[in-house]
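1. just need the structure, nothing else, for what follows:
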Amino acid sequence: MLTADEKILKRKQKQAEYYQKNKEKARINGANWKKNNQDKIRLKNRKLQIKNSYGLSWEEYLSLYEKANGHCEICGTSLKILAEKFEQNSTACVDHCHTTGEVRGILCRSCNVALGHLKDNKVLAWNAYKYLESKDAKCGRD
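-> Next up is the predicted model:
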């Protein structure tokens, strides 16, 4: 009677033997699967990125998204959980504190990057606001 570990080892050996005999078939099958399952791959990669970067489970990420009603918490842009590559700004980004790592909410890419450029500094953000406020007349904005 084989132990569980021995069964696993035996199965892996059989898989390796099959692969050696059928490399080309396995390569073609793998390429076809990848071609036909792009959405699954993108979703799996996004889940891993959320977990590895922020320590959030997928359910926690979805909860943040729902709390924000699917919109950026700064500008109100409608966001998608998983946007197409050409729609990068509409992907719901996790905003977090770079000092503590604490997750703060969901933002669009533009607002998330803007906070990063302002170094998450409220004084810089306020100065940027005052600067824009003082220049609005020159831009024809009220």
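
2. ok, Leu79 touching Cys108?
-> Yes. Using Cβ atoms under 8 Å, Leu79 is in contact with Cys108, at 6.1 Å. Placement of C-beta: from N, CA and C, glycine included.

3. overlap in contacts, these two.
-> Residues touching both Leu79 and Cys108 (Cβ atoms under 8 Å, 6 or more residues apart in numbering) are 72, 90-92.

4. which of those sit farthest apart?
-> Farthest pair in these (Cβ to Cβ) is Cys72 and Thr91. Separation: 10.6 Å.

5. looking at the two, which is more packed in?
-> Remark: of Cys72 and Thr91, Cys72 carries more neighbours, 23 against 17, as counted by other Cβ atoms under 10 Å.

6. residue contacts, that one?
-> Contacts of Cys72 by Cβ under 8 Å, 6+ apart are 79, 106-108, 111.

7. need the overlap of contacts for Cys72 and Thr91.
-> Joint contacts of Cys72 and Thr91 (Cβ under 8 Å, 6+ apart) are 79, 108.

8. the nearest residue to Trp58 once chain neighbours are set aside and Ser53, how far apart?
-> The shortest distance from Trp58 to any non-neighbouring residue, by Cβ to Cβ, 6 or more residues apart in numbering, is to Lys47 (5.0 Å). For Lys47, the distance to Ser53 equals 11 Å [Cβ to Cβ, to the nearest Å].

9. so how far is stretch 32-47 off the chain centroid?
-> Relative to its parent chain, stretch 32-47 has a centroid offset of 14 Å by Cα atoms, centre = their mean, to the nearest Å.

10. scratch that, stretch 104-121 is what I was asking about
-> Here the centre of stretch 104-121 is set off from its chain's centre by 15 Å, with Cα atoms, centre = their mean.

11. do stretch 44-61 as well
-> 7 Å.

12. regarding the residue nearest to Trp58, which helix or strand does it belong to?
-> Per DSSP states H and E, Lys47 falls inside helix 38-54.

13. okay, buried residues for whatever helix or strand comes next after that helix please.
-> Using DSSP H and E, the next helix or strand after helix 38-54 towards the C-terminus is helix 58-67. Using 16 or more other Cβ atoms under 10 Å as the test for burial, helix 58-67 gives 61, 64-65.
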